[in-house]
Structures are given as structure tokens and as C-alpha cells.
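Participant: Structure of the sequence below:
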Amino acid sequence: MSASPALACDINISPDCVGVGVGVGVGVGVGGRDADGGRTGQGGVRTGRGAPTPPDRCAKYPAGYYEDCKTWKGQGCLDLFDRYHGVMPVVAFNMFVMASGCPGVAAGAAPPPPTPAQLAERAAATFLLPHPSGHRSPSEDKDIGGYPFTYINLWTFYWTDPGTWRSLTATAEAGGNYATVTATPVSLTFDPGNGLGSVWCVGPGRPWVESDGDSAPSGQACGYQYSKVTGPGYEHPVASTQTITWRLTWMGSNKSNGTLTSKRTATNGPLNVLQVQTVNR
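Facilitator: Residues are numbered from 1 along each chain as shown. Purely as a prediction, here's the structure:
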């Protein structure tokens, strides 16, 4: 499953052009790069057989700096450009670099392209991360008095469908730079809604099966025990919430990498806690 990248311009011509592709997979192999620097796999900007033309690494440089980059000359000047262009006014920049024997730039020269870290933020913003499916046992599809229910001192299993528990990747590139972000689900949290704090599992959990009986969750199952009933009556349910936490990491051009702020997706619903002696699931 993949989506074609959104390209508003040619990344080999315009250094400000940003192409973004999104894919589903595990790790950064989806939407990665081949040995020639081209896009490979799902979610990339370039796909298919053969050796794609790599982006022009010098596209971000104007005029004389571009020539120096293409001919591997003037590295000191390129370093000054990378560090100071766009940070100070053009007039001050030109005075500074020309004093070091480097060429000046025109007032309308294009600013440096986004860094890999900035591209990683743009790629991450394109994610449509799945929400947990919100499954419980007793089933959230059953009700008593108009609301789903569970019982005090019973292990209420909770889990999310496997389809919501998968890694996703997104890639953005511009001006010869790129970054591929991987979103990985790392925990499933259950907030019981009674104000007593949440519990969490490192995996997606699993459905209750008859052999579990009334035992504590085992075999990668997730569960919670309520100690007090809701009420009075059936008209005062708690709002329980399941949350998937996603870890976001990225790898980019020039062997750069990093970690972005985690994301969370949640699903909630009402739940009554009842007290009975016999449980019939």
C-alpha cells in the first residue's frame, strides 16, 4: 500500500521544490535510497528499474558558488555560504564573504534549501496515523442499559486491530536534500476513565479467549481491573480511552538522522462498571 508523491515542481531545477511520498512498511527500507542516490521502494519520489538520476547536490548554490561546488573548488567559501547565507542581510553577507576572497551573491538569490531536519518535520506532518480500534472484553458491542459494560474485579482485556499497529514512512526532499521519517507504534495505553491513572502495554494486546478464564492477562494480552462500580444506575458511565503512542525517527542526506516529537492517536467510548456474581461473556 503506497501513495504517489505530491510534486508541485521539478526538484532537480528548483531548490525550493519539496516532494513528499508516504508508504507503509517496517523500517526505512520503504521509501529508501539506492546506491546511486535514487528513490527505491514504496513511498519514494522515484521508483522503477534502472539507476535514477540523483538530485543535483549543488542546486542550492547560486552563481559562482554553484560552479565551485560542481568543480569541487572553494570549499571554504561553500562552508561560509552554508553557515551565514540567509542568516544575515545580503549586503552584510557579501561584505563578510568578499573580505575572505569569496564571491558575493545577488540580492534576489535563492535562500538555502530546507535542511534534512526541516524536511523531516514536513514529512512527519503528512502522516495519517491509525487510531486504535478500541476493542475490549466484554465486547464494546454489547450493552446493558444502553451502554457497554464490564465488571468490578474482572480483568477487562483491551486491544487494537493488527491493521492499526504497523510502521509508516514518509519522505520529503528539496534542493538536493531529503529526509525519510518512520513512525513506529510503541505502546497501547488504556485510561479507565475513573481518575485512577492509566495502564499500558508495549504491544497491541490480543482478544480474550475462553482459556483465559478470569486469569490475569498473559501471552501479550493487556488488561485492567476496575475496583468500583459506576452509577447510580446505568446513566453515569465512565469514558475509557485507548491511545497508541508513535515514535518518530528520521534519516536523511549526508548521513543525518534524528528523533522527532512522539505522536498519539486515541479512541474513547462510554463504559459502565457493574457488580455481579456470575460473568457470562
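
Participant: in the stretch 51-200 of the chain, which segments are predicted with low confidence?
Facilitator: Along the stretch 51-200 of the chain, segments meeting pLDDT under 70 span 51-56, 109-111.

Participant: Go again with 90.
Facilitator: Applying pLDDT under 90 to the stretch 51-200 of the chain flags the ranges 51-76, 82-91, 103, 105-115, 173-177, 197.

Participant: now the strands for it?
Facilitator: Using DSSP state E, counting those that start in this stretch, the strands found in the stretch 51-200 of the chain span residues 135-137, 149-151, 155-159, 168-174, 177-191, 199-201.

Participant: Can you name every helix or strand that the longest one contacts?
Facilitator: Which is strand 177-191. For strand 177-191, the elements it packs on are helix 116-124, strand 155-159, strand 168-174, strand 199-201, strand 238-252, strand 257-274, judged by 3 or more Cβ pairs under 8 Å, 6 or more residues apart in numbering; DSSP states H and E. Where you see a C-beta, it was placed from the backbone N, CA and C, and this is true even at glycine.

Participant: Most tightly packed of these?
Facilitator: strand 168-174 (a mean of 29; mean count of other Cβ atoms under 10 Å).

Participant: on that earlier part again, let me know which of the strands of the stretch 51-200 of the chain is the nearest to Gly74.
Facilitator: Gly74 lies closest to strand 177-191 among the strands of the stretch 51-200 of the chain, at 20.2 Å (Cβ to Cβ).

Participant: how much does that closest one deviate in direction from strand 238-252?
Facilitator: What separates the directions of strand 177-191 and strand 238-252 is an angle of 160 degrees, with axes from the mean of the first three to the mean of the last three Cα atoms, to 10 degrees.

Participant: Enumerate the positions of strand 177-191 that are buried.
Facilitator: Buried residues in strand 177-191, counted by 16 or more other Cβ atoms under 10 Å: 177-185, 187-191.

Participant: before we move on, the earlier item: any chance of the helices and strands packed on strand 177-191 in a markdown table with distance to Lys228 as columns?
Facilitator: Shown next, in a markdown table, are these (distance: least, Cβ to Cβ, whole Å):
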| stretch | distance to Lys228 |
| --- | --- |
| helix 116-124 | 41 |
| strand 155-159 | 13 |
| strand 168-174 | 39 |
| strand 199-201 | 16 |
| strand 238-252 | 10 |
| strand 257-274 | 7 |
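
Participant: Compare the ones you listed and report which one is nearest to Val91.
Facilitator: helix 116-124 (25.7 Å).

Participant: quick one: contacts of the closest one?
Facilitator: Residues from elsewhere that reach helix 116-124 (Cβ atoms under 8 Å, 6 or more residues apart in numbering): 18, 20, 114, 170-174, 177-181, 183, 248, 250, 252-254, 256, 258, 260, 263.

Participant: please redo it, this time with the cut-off set to 10 Å
Facilitator: 18-22, 31, 43, 113-115, 169-175, 177-183, 246, 248-261, 263 (Cβ atoms under 10 Å, 6 or more residues apart in numbering).

Participant: Out of the helices and strands packed on strand 177-191, which is closest to Ala92?
Facilitator: helix 116-124 (23.6 Å).

Participant: tell me the angle the closest one makes with strand 177-191.
Facilitator: Using the same axes, to 10 degrees: helix 116-124 against strand 177-191 is 50 degrees.

Participant: circling back to that earlier point, quickly name whichever of the buried residues of strand 177-191 is closest to Asp79.
Facilitator: Asn177 (16.4 Å).

Participant: And the nearest residue to Thr261 once chain neighbours are set aside, how far from Thr184?
Facilitator: Distance criterion Cβ to Cβ, 6 or more residues apart in numbering; nearest residue to Thr261, sequence neighbours excluded, is Leu248 at 7.0 Å. Distance, Leu248 to Thr184, by Cβ to Cβ, to the nearest Å: 8 Å.
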